[in-house]
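> turn this into a model:
(chains A and B)
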Amino acid sequence: MRTTAAKFEIPYTQYLDPNGKPNGPLPAFAKDPKVLVGMYKWMAQVRVFDTKAIALQRTGQLGTYASCLGHEATHVGIGAAMLREDAFFPMYREYGVQFQRGVHMHEVLLFWGGDERGNCFKDAPAHDFAWCVPIATQFHHAAGAATAFKYRKEKRVAVTVIGDGGTSQGDFYEAMNCAGAWKLPAVFITCNNKWAISVPLSAQTSCETLAQKGIAAGIHSEQVDGNDIVAMRDVMDKALARARNGEGATFIEALTYRLSDHTTADDARRYRDAAEVEDAKTKEPMIRTRKYLESIGAWDAKQEEAWLAECAAKVDAEVLVYKAAGKPPVASMFDHMFANLPERLARQRDECVANEEHH
Amino acid sequence: MAKVALVEALTMAMAYEMKHDPSVVVMGEDVGKNGGVFRATLGLQDTFGPERVIDTPLAEALIAGVAIGMAAMGLKPVAEIQFSGFIYPCVDEIINHAGRLRSRTRGRLSVPMVLRAPSGGGIHAPEHHSESNEAMFAHMPGIRVVMPSSPQRAYGLLLAAIRDPDPVVFLEPTRLYRLNKQEVADDGEALPLDTCFVLREGTDVTLVTWGAMVVESLAAAAELEKEGVSVEVIDLATVSPIDEQTVLESVEKTGRCVIVQEAPISGGVGSEVAALVAEKALYSLESPIVRVAGWDTPMPLFKLEHDYMPSTARVAAGIRKAMEG
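Next up, the predicted model:
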């Protein structure tokens, strides 16, 4: 006899449709227009920064840069929901989270400009991790941080982000499986933008959703419209509350679309249909947020113009800080390797410094 | 004072540090109730509880990566990898993160973790349980690689590794876990890292070794003494970064150098020692450097393991060669 051993379902949350029309009552936090305007302002700020960063790269003033175009609602929703004492474990394009946590735009530019001082995070939480380029390893670090928080009985949450391609990695599953087994205060998010460089989601997996991969790890898993800032914030709020209350980890699949190339070193026209991108542009997050805010009288064209000008001025000021940074001291390659620099490295440091003086 | 085996000295060191520092936690596969497959964590869970002696899911990359996250958030994890051939999934985490995090964040984040793993052959273990992979880690910037070779050094060096504010890969010679017992004072006294130990003073030839090969090296030195050859035996202990001074001063004194390692000869830690001596003590040498090592083959299954690992006879022959050259 065959019976059903277990059944699962993946909830999906959307409050604002692509035209900014609510498809039901909004959650309590969204009743305050100031909260929504605040998040919209961050989204606009991120987009202005992103546009500038690409321009800097195209004019030889920045190294390879990973754009976040189209991901604004997902990222800003995550950052807006987190507390300062929580810890963030990024991949490499979550500026919308990081700016809200105090990472400076010039620090992002320094990193992509080939300067490790970008990882100093002068005013962001000192415990936030640096950018994580080896895909999925950040999931382990988040699980480890959550273990430390739980061990010390702190009401803090480790939050981490991965792309859709990253969900094919073993590390992705190992970390969530561990978070399930240990009931860790962690929130794992996949920013499903449909493309892992040139490989479409259909080539990564035959899963109907990526969220269901979290079910295999035994943690609460759901899907959200990652282009809907209200839904994103709501799902994040609930996941963080669950973690803080000792109810364990959550896996969130945020559905969005990578409107940009993978990085500035990529040309998505080689592998991606223009029609698909044009269609995605009609569903992107800025339009629907602005339309909704306009519909409730919380935003207008004049405010938009004034805010974009303010963002541009802020970005320009940060670019100046970035450009003024110069080259880091060569000794800094060695100075932060160990708390106590071994003799062998101290000698290499001297040789390296002397070598710089000779050329 | 109680005489203990090397593996018991490791347990003593972990227990001492856990007792005195609440940020120290032990983790790994089967480290809890089972006390580890080699019993290195025996009894720790009974004493310190399952929150501090944590059985992890069976995933080595996870063990290393979770330890990094814990360490960066202020804990001092001592993570165990069960067998030497299972350590490879950790490499991504160790090289890309453990060794880089302090440097790339300019000291904002650090990784005070220890990754413990058995090392080497000689106990008739199954396949993938007998590898000597210290050179792989020695090549990675930003981490220390330490190999104890006696119960006393196991105790003192593991304490030092746990207390060190940076990541340490701590490779324990499986063959020595229970080979000999030695009196070990449980006094919490650490031994220095980045420092060699001169195990036997001599005047004719310097023998540099580490880990389990210390046994064959000391035996060969005793044999050569009967032939009138005085061998100075140096245990590298911290195989990366190497304590250059102790090695060079010895070679300058004796004028001859033999290097003994269990790992494959090519690209090994011994190659680095040989390069060091060639670069900085060449004019002190009266004969070419001699290396005695494992072959450049996969570690064979155990019927052939003693044909793979340098024997006392091979080490002794190496010393004689250095004396003749």
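> use CA for all of it now, contacts and neighbours both
OK.
> what about the helices in the stretch 1-150 of chain B?
In the stretch 1-150 of chain B, the helices defined using DSSP state H, counting those that start in this stretch lie at B:6-20, B:44-48, B:60-72, B:91-93, B:101-104, B:134-138.
> will you turn these into JSON lines that also has mean neighbour count and distance to A:K327?
Output for these, formatted as JSON lines (neighbours: other CA atoms under 10 Å in any protein chain shown; distance: least, CA to CA, whole Å):
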{"stretch": "helix B:6-20", "mean neighbour count": "22", "distance to A:K327": "42"}
{"stretch": "helix B:44-48", "mean neighbour count": "17", "distance to A:K327": "49"}
{"stretch": "helix B:60-72", "mean neighbour count": "30", "distance to A:K327": "27"}
{"stretch": "helix B:91-93", "mean neighbour count": "20", "distance to A:K327": "29"}
{"stretch": "helix B:101-104", "mean neighbour count": "24", "distance to A:K327": "15"}
{"stretch": "helix B:134-138", "mean neighbour count": "20", "distance to A:K327": "30"}
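> can I get those helices in CSV with mean pLDDT and distance to B:P300?
Below are the helices of the stretch 1-150 of chain B laid out as CSV (pLDDT from 0 to 100; distance: least, CA to CA, whole Å):
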stretch, mean pLDDT, distance to B:P300
helix B:6-20, 98, 25
helix B:44-48, 98, 34
helix B:60-72, 98, 23
helix B:91-93, 97, 23
helix B:101-104, 97, 37
helix B:134-138, 98, 18
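> which segments of chain A make up each domain?
Following automatic domain parsing, chain A resolves into domains at A:12-327, A:329-359.
> most tightly surrounded among those domains?
Using mean count of other CA atoms under 10 Å in any protein chain shown, the stretch among the domains of chain A with the largest mean neighbour count is domain A:12-327, at a mean of 20.
> that one: end-to-end distance?
With CA to CA, to the nearest Å applied, domain A:12-327 spans 48 Å between its terminal residues.
> for chain B, what lies in contact range of chain A?
Residues of chain B found near chain A (CA under 8 Å from any CA of the partner chain) are B:51, B:56-57, B:59, B:61-62, B:65-75, B:93, B:96, B:99-100, B:102-109, B:142, B:165-166, B:194, B:241-244.
> coming back round to it: could you dump the domains of chain A to a markdown table with distance to B:K303 and mean pLDDT?
Listed next are the domains of chain A as a markdown table, based on distance: least, CA to CA, whole Å; pLDDT from 0 to 100:
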| stretch | distance to B:K303 | mean pLDDT |
| --- | --- | --- |
| domain A:12-327 | 35 | 97 |
| domain A:329-359 | 40 | 92 |
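> quick one: mean pLDDT over stretch B:256-263.
Mean pLDDT, computed over stretch B:256-263, is 98.
> what's next to that stretch, contact-wise?
Applying CA atoms under 8 Å, 6 or more residues apart in numbering or on different chains, the set of residues contacting stretch B:256-263 from outside is B:120, B:131-134, B:204-210, B:212-213, B:217, B:251, B:269-270, B:273-274, B:284-295, B:309-310, B:315, B:318-319, B:322-323.
> host element of A:A145?
Using DSSP states H and E, A:A145 maps to helix A:137-151.
> just the residues contacting that helix, thanks.
For helix A:137-151, contacts defined as CA under 8 Å, 6+ apart pick out A:87-91, A:132, A:155-162, A:171-172, A:174-176, A:178-179, A:184-186, A:188, B:51, B:62, B:65-75, B:93.
> quick one, what contacts A:H71?
By CA under 8 Å, 6+ apart, the contact set of A:H71 is A:191, A:193, A:226-227, A:256-258, A:285.
> which of those sits closest to A:L293?
A:P285 (12.5 Å; CA to CA).
> immediately after the helix or strand hosting B:V239, which helix or strand?
Assigned by DSSP H and E, B:V239 belongs to strand B:238-240. Sequence-wise, the next helix or strand downstream of strand B:238-240 (DSSP H and E) is helix B:244-254.
> give the buried residues for that next one.
Under the neighbour-count criterion of 16 or more other CA atoms under 10 Å in any protein chain shown, helix B:244-254 has B:244, B:247-248, B:250-254 buried.
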